[in-house]
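> Kindly generate the corresponding structure for this input.
(one chain, ligands or ions: 2)
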Amino acid sequence: MEKQHPSRLRFNFGFLVEARIGTSRTIELDYPTIDVEDVRLSPLQGQLEVTRTSEGVYLAGTLHTVTAVDCVRCLGDAYVPLTVTLGELLYYPPWDAPAGELYIGEDGYIDLAPLIRELTLLEVPIQPICRPDCQGLCQVCGQNLNEGDCGCEDDDIDPRLAKLKELLDNE
Ligand SMILES: [Zn+2]
Ligand SMILES: [Zn+2]
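Residues are numbered from 1 along each chain as shown. Ligands and ions are numbered 1, 2, ... in the order given. Modelled structure (predicted):
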């Protein structure tokens, strides 16, 4: 298996877990391009506010990003702008975290990549399109119609009705 690069979204909250309850800091994120595990985000920008609570650190903020996904019409790249809202309690110390919850390691570090990846993917529209007027692919030859007309006969008939058309044509 290929070795993963160290996550650029790994943060040291050691200073905060040592601080008094209520202490907070703002973290500025501004990456022109960042690979969050298998998802490329260009850019990833925004602010996160981290606050020491009795149970750990509360993380809140809004991130703005753009990611490329497949256009459902032409299968080309659709660059979709996404807004990701975070509101997560990161438990500390780690052994106080209920199963499945996020926690800050004993060393004060936490990698936010899995969380940001998950929240980003949740925002991706179900039917992304590369542009509002995407022409899609030709049903006959498969050409990307955004790149020009293929010359196929535009027989926009539902295959279920094709049989009926055939019968009517024969009359
Ligand atoms: Zn498209
Ligand atoms: Zn065609």
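
> ok, the closest residue in space to C150 that isn't next to it in sequence - contacts?
Nearest non-adjacent residue to C150, counting by Cβ to Cβ, 6 or more residues apart in numbering: Q143, 3.9 Å away. Placement of C-beta: from N, CA and C, glycine included. With contact taken as Cβ atoms under 8 Å, 6 or more residues apart in numbering, Q143 is in contact with 137, 150, 152.

> Check the second one and give its pLDDT.
So the one you mean is C150. Per-residue pLDDT puts C150 at 92.

> That one contacts L137, doesn't it?
No - contact criterion Cβ atoms under 8 Å: C150 and L137 do not qualify, at 9.4 Å.

> quick one, which of the two is more surrounded?
Between C150 and L137, L137 has the larger neighbour count (other Cβ atoms under 10 Å), namely 18 against 14.

> what's near enough to touch the more buried one?
Residues near L137 by Cβ under 8 Å, 6+ apart: 73-75, 143-145.

> how near is it to ligand 1?
Separation of L137 from ligand 1 (Cβ to the ion, to the nearest Å): 9 Å.

> cool, Y103 as well?
Per Cβ to the ion, Y103 is found 41 Å from ligand 1.

> Just confirm C152 contacts C141, I think it does.
Yes - between C152 and C141 there is a contact under Cβ under 8 Å: 5.4 Å.

> Tell me which of those two has more neighbours.
C152 (13 against 9).

> In three-state terms, label that one for me.
Secondary structure assignment for C152 (DSSP: H, G, I helix; E, B strand; the rest coil): coil.
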